[in-house]
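**Q** no sequence for this one, just the structure:
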């Protein structure tokens, strides 16, 4: 099963997804995936902040594109934004940093939390300024 959303880049859209994604996944018979939901929320917040830093007052004129896939082995979340984030820096945080290193920093804690909550997190450059973030969590 694949669920796709294209929503305005806003805190309201993130709140909507925080409600709808668990409902839809659980209606499919899937066991509640609290760790996945929390990780998805963190990725959405990062995407929102990236778009906001790029577009300021025009943030809501941009979109967050979210795809949720449930297959036999895992739940996959894919978030695409056009904030033009630095995918190499994000991947370095996930691969190399420890929580103690970022505990008192302004940025990076959310990605470390995501790393602990899911089985895999990766970043890709898409077309233009698009950044595609993928999280994967094995089904329990």
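**A** All right, it came through fine. From a predicted model like this one, the values you see are computed outputs, not experimental measurements.
**Q** Please report how far residue 111 lies from residue 72.
**A** Distance, residue 111 to residue 72, using Cβ to Cβ, to the nearest Å: 28 Å. (C-beta placed from N, C-alpha, C; glycine too.)
**Q** Show me what counts as buried in the longest helix seen in the chain.
**A** Scanning the chain for the longest helix, with DSSP state H as the assignment, gives helix 34-55. The neighbour-count check on helix 34-55 (16 or more other Cβ atoms under 10 Å) flags 35-37, 39-44, 46-52, 54-55 as buried.
**Q** quick revisit: which of residue 111 and residue 72 has more residues huddled nearby?
**A** Taking other Cβ atoms under 10 Å, residue 111 and residue 72 do not tie; residue 111 has more neighbours (23 against 5).
**Q** you'd agree the more buried one is up against residue 93?
**A** Yes: Residue 111 lies in contact with residue 93 (Cβ atoms under 8 Å); the separation is 4.8 Å.
**Q** so what pLDDT did the most centrally placed residue in the chain get?
**A** Nearest to the mean C-alpha position of the chain, by Cα atoms, centre = their mean, lies residue 43 at 2.6 Å. Predicted confidence (pLDDT) for residue 43: 96.
**Q** My guess is it contacts residue 77. True?
**A** Yes: taking contacts as Cβ under 8 Å, residue 43 lies within contact range of residue 77: 7.0 Å.
**Q** what sits in contact with each of these two?
**A** When contacts are counted by Cβ atoms under 8 Å, 6 or more residues apart in numbering, the set common to residue 43 and residue 77 consists of residue 135.
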